[in-house]
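Novice: Would you be able to build a 3D model of this:
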Amino acid sequence: MNFSELHRKLIAAARTTPADERVPYAFEKRIMARLAGKTAPDGWTLWGRALSKAAVCCVAFMLLMAAGSYFVPASPAAIAGNTESLSQDVEQTLFAAVASNTDSETW
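Specialist: Below you'll find the predicted structure:
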């Protein structure tokens, strides 16, 4: 295919087509100028924005949980005289799986 011949034919066809009055004057130049002014999105900027939004959500969740643990009444076991705190209960729960695996030598 001869590209120069194709180019000549397309330009000739474009010149024979009458101008359409519905298109504003210099519309294509305004569009091209607007496109040239746009920059490609920076991946690090997008990643940083996403991480900052996630950090805000995590801090809000942490504050909600801290307020909940402060304002929620004590458990019935703590009222009955068992003085184990919530932190000790969580620690025992998390280390229960580790304690059960130390007997069977799975490592």
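Novice: contacts, neighbours, all on C-alpha from now
Specialist: Fine.
Novice: so where's the protein shaky on pLDDT?
Specialist: Judged by pLDDT under 70, the chain has its weakly predicted residues at 73-84, 100-107.
Novice: now with 50?
Specialist: Nowhere does the chain drop to pLDDT under 50.
Novice: Longest helix in it, please.
Specialist: Ranked by residue count, the top helix of the chain under DSSP state H comes out as helix 43-71.
Novice: elements contacting it?
Specialist: Helix 43-71 is packed against no helix or strand, with contacts defined by 3 or more CA pairs under 8 Å, 6 or more residues apart in numbering; DSSP states H and E.
Novice: quick one: furthest residue from the center of the protein?
Specialist: residue 16 (51.1 Å; CA atoms, centre = their mean).
Novice: residues touching that one, list them.
Specialist: The contact partners of residue 16, by CA atoms under 8 Å, 6 or more residues apart in numbering, come to none.
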